[in-house]
Structures are given as C-alpha cells and as structure tokens.
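1. okay, here's the prediction I keep looking at, along with the sequence it came from:
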Amino acid sequence: MRVEILTVGTEILLGEIEDTNSSYIARELVLNGIDCFSRSSVGDNVERIVGAIRNSLSKADAVIITGGLGPTQDDITREAIATVMNVSLEVDARALELTREFFKSRSREMPESNLKQAYVPSGGKIIEQRRGTAPGLICEVGNKVIYAMPGVPTEMYEMLQRAVVPDILNRFPTGKKIYLRDLVSWGIPESQLADILKDHLLDLDQSLANSLGSDGIVTVAFQANIRRGIRLRLGVKAENETVAKSLLDNEEAFLISKLGSAVFSSDGEEMEEVVARLLVEKELSVSIAESLTGGIVSDRLVNVRGASKWFKGSIVSYQDDIKHELLSVKSEDVVTVEAAKEMAIGAMTLFKSDIALSTTGIAGPDRVNDKEIGTVFIAIALRDRVIANLKGNSGNNASKNVASRNVASRNVASRNVADSLKDGSSPGSLLSIKSSSQADSFEIEPNTNAYVKTVKLQLFGGRRQIREIASMSTLDFLRRILLENSW
C-alpha cells in the first residue's frame, strides 16, 4: 500500500517554520514497512487543500495530513476534507466533551472559537486528543482513507503512533517491515561516490522498477554532513530480521569492496568514537595542538565517554606567539608543513602522549602570506615505541573496524593515508578537498624521539565549513594511521 504526506500551513511555504512533521511521519512509515512515495505542502486555502488531497488520493491508498485543525479562522483542513468527501460538517459529541474537559481541568471556560474543533466531516471518526484541544480525524473516501492530525509536533507524534499507524496496518496489512542500516564514509566526495557506485545503483533502481513491490530489494540513499560524513542509508523490506540482515550484509560487503576504508562505521559510531575505540584497543594516549580548528577536534574527542583514559590534553594556539612559546614552534610562517610538524611534536612533548595531532591553516576571511583561504596542514606525531609496536602487529589491524566487524566475509585493509586523501572532498557537493603535497611515509624527526607524517589540504567553502571539514579530516587521518599495516 502507498501513503502520501501533506502538510498544511502558509507559514511552511513562507519558510517561517521548518516542516519537521513530514520527516517524522516518513520515518515512522518506513519503520513499519509502509511505502511513502511523495510529500508535499500547501497553504491555508480551501481550494488548494482540496486539490492537494484529491491529487494524493489519486495516487495513494491513504493521505496523512498535519495542520489546519486549530480553532482559528485560517484552520480549514476540516472544511477541505468535507469537500473532498462531498459531505457536511457535524458536531461530534465526544470531541466537544473532550475539549470542554480540557479547559475544565485547567479551571478555564472553553472559548467559543474552540467549538470549531468539535466539527467532523459526516461519516468521519475522531482521534481523541490527549495533549491539546484539537482531535484528529479518520475519514474514509471509498476504499481509501484520509488521516488528519494537528500540526503541533508533540500532539501529532502521539496520535501517529497511537492511532494512525496501527489503523493503516489494520486496513492494509503488509506483513513486512523495512529494515535500515547506515554506512558512513569520509575521504571520497559525494559526486565521486556516486560515480563509483553508478552502475550498481542503476541496477538496484531497475530491479525496483521491474518488481511489483519493493520486497527484498535493497535501496541506497546518500545524506551528506560536513561534521558526520557521507551517510549511505541501506533499506530493505523483508518478512523478518534474519532475512533483512542477510540482504543488508551482502549489500554492505559489496559497497565496502568498492569504497574500502573510506567507510568508517556501519553501526552508528561517530568518527571520534571509532578513533577512541582504536586508541583504547592499542593502549595509546593522544594530545592535540589546534590552530585553525579552534578546539573542535578536542571537543569531539572529550565528548566520547571514557576520554580521560586516553586523552592527555590540548592547546588551542590560535595566535602565533602561543605556538612559539608553548609549543616551541620555530617557524616564523605558522601555516606550513614545518609548523604543523613542530606543533605536533610540541604537544607530544608537553603532554607526554604517545600520539599528537596538530592543525594549522587559513579559514578566512583574508589570505595570509599569499596562501589561499582553505589551505590546511595536518600533522601526526608518534613516539618511536608506538611505531615499533604498530609495525609488529600481524594480520589485519582493522579486525574491529567496520570492514570486519559486521560482515565476516569481509577483510578490508586500510589504504595508504596519502592515497586515501588524494582528491578527497567534503560531503557537500559545493565543497571540495584536494591534496596538494603530502608525505607518503613517516619521517623520523631528529632529536625528538618521534615520527611525523603530514597532509596538506586545500578546502573550499565558508569559514565554519572549512574548520569543520578540517576537524573531521584530522580525526580520519588518525583513524587511518591506527589501522595502517603497510609501514
């Protein structure tokens, strides 16, 4: 069966409020195996609402409406539904009783305007209101049905779960649910991901188009976020969890065979949580020296539960003299490979950590020393004992990485860091990262007892975007190093 979602309210069309209701409804439908192929919004105009409802009913078995059930003059969803049904509005005794009880319980007289909320299209049924005054509606139109709920999110959420979804499943039993899984990647731009997976996604779309339903066919959707990575949402309708898991496992294995270690999570872990887990597994501590990122990297790490066990500390060295005085940076130009190295070594020395990260660069609004806005240098320093320990590991270091944690048939090794970041990008289609020059291996720094590796990136976007992308790339840089076997 198919459902369409319609939100009513001129304020939505004017952009004065965000339509979160339709997103919430869509998620609930998906989780219950109910197909939703269209969502739309319409202003407070009876003729337009009537047209929108009729259009939805011409394509779907049911339409779910939110908004326009209040007591004011512009709340006209009831009138529109009655027009579609070709019936009149009648006072529903139960709806009137509930509204009066609501005001009585608050020691108030019911305003005359609230009487409007007791009117129901003839033949329709109310959904009792438990958090406000406007009841919902269930109105049959032939073999199809209209559900109407208030636009107030808390009232709508409660009605949807208590009455609407159960009624849909009772009328149109699916016997199946939709199961979801998210893979999250970083280091490959969204457009390049689409190119890599183009043929496969076309095959999935064709299978869906050729089938009578979506049962057993995995769908893949992209959702980009500069702080969290590119989310590949896998979904499949199946009769039970065992069948769904098998289908999702196969799809996940195929996607990771194409994307490699760019995929860092398939079980809800954020990038900082993946890094934290690897640090705990390898019994390593970390410290950070941030300039460009202004403490974002540190903030993300310390918000991971148990961070005190492996996070030594950080310095936000935004001004040059702080870099020179506290981190012993000798370079006059502090936006260089050498300055990034010195910052990382300075943090490792100051905090006595096993690993140290540093970020320096230009987020804008102006160029500095003829360097472009978006120029970023990231460095990672490791004590020589850490290098020895990591080199001594055998087999696949990523045994608990997403590549082998969830699907036993996969065994994906981490790619070389330089290769993995080459021509990478942010998740946004309007932003990009391009690697300009980067070391292919760790270099031993004289008299420092440390190995250092650096990456130079050129980022594009606004100031906040550059800082967030640089922070995410810094965490990803560390993740890949912790998984690296080749050195």
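-> Arrived safely.
2. phi, psi of the residue nearest to Pro111 when sequence neighbours are not counted?
-> Closest residue in space to Pro111, ignoring its immediate chain neighbours: Pro71 at 7.2 Å, by Cβ to Cβ, 6 or more residues apart in numbering. C-beta: built from backbone N, CA, C; applies to glycine. When read as degrees, to the nearest 10, the backbone of Pro71 gives phi -90, psi 0.
3. distance of Pro71 from Gly132?
-> 11 Å (Cβ to Cβ, to the nearest Å).
4. same deal with Asp44?
-> Counting by Cβ to Cβ - Asp44 and Gly132 are separated by 19 Å.
5. which one's the longest helix in the chain?
-> helix 463-483 (DSSP state H).
6. what residues sit buried inside it?
-> By 16 or more other Cβ atoms under 10 Å, the buried positions in helix 463-483 come out as 465-483.
7. same question, stretch 331-348
-> For stretch 331-348, by 16+ other Cβ under 10 Å, it's 331, 334-337, 339-348.
8. and those, which two are furthest apart?
-> The distance between the two most remote of the buried residues of stretch 331-348 (Cβ to Cβ) is 20.3 Å, for Val335 and Met348.
9. quick one, helices of the stretch 201-350 of the chain?
-> 241-259, 271-282, 296-302, 320-327, 337-351 (DSSP state H, counting those that start in this stretch).
10. tell me the most buried of those?
-> Mean neighbour count, computed with mean count of other Cβ atoms under 10 Å, is highest for helix 337-351 among those, reaching a mean of 24.
11. three-state assignment of the residue of the chain most remote from its centre?
-> For the chain, the largest distance from the centre (Cα atoms, centre = their mean) belongs to Glu109, which lies 45.6 Å off. Three-state call for Glu109 (DSSP: H, G, I helix; E, B strand; the rest coil): coil.
12. need the phi and psi values for it.
-> phi -80, psi 140.
13. I figured it was touching Phe103, is that so?
-> Yes: assessed by Cβ atoms under 8 Å, Glu109 is found in contact with Phe103 at 6.5 Å.
14. for the stretch 1-150 of the chain, what spans make up the strands?
-> 2-8, 35-42, 62-66, 89-91, 119-121, 125-127, 136-141, 144-149 (DSSP state E, counting those that start in this stretch).
15. try the stretch 301-450 of the chain
-> Going by DSSP E, counting those that start in this stretch, the stretch 301-450 of the chain shows strands at 311-316, 355-361, 375-383, 433-438, 443-445, 450-459.
16. burial measure for the residue nearest to Lys323 when sequence neighbours are not counted, as a count.
-> In this structure, Lys323 finds its nearest non-sequential neighbour in Val329, 4.1 Å apart by Cβ to Cβ, 6+ apart. Using other Cβ atoms under 10 Å, Val329 has 27 neighbouring residues.
17. pop out the phi and psi values for Val329.
-> phi -80, psi 120.
18. you'd agree it is up against Ala340?
-> No: checked against Cβ under 8 Å, the pair Val329 and Ala340 is beyond contact range at 9.3 Å.
19. and the gap between the residue nearest to Pro111 and Val236?
-> Applying Cβ to Cβ to Pro71 and Val236 gives a distance of 44 Å.
20. of those two, give the one with the bigger neighbour count.
-> Val236 (23 against 17).
21. surely that one is in contact with Tyr179?
-> Yes: Val236 is within contact range of Tyr179, at 5.7 Å (criterion: Cβ under 8 Å).
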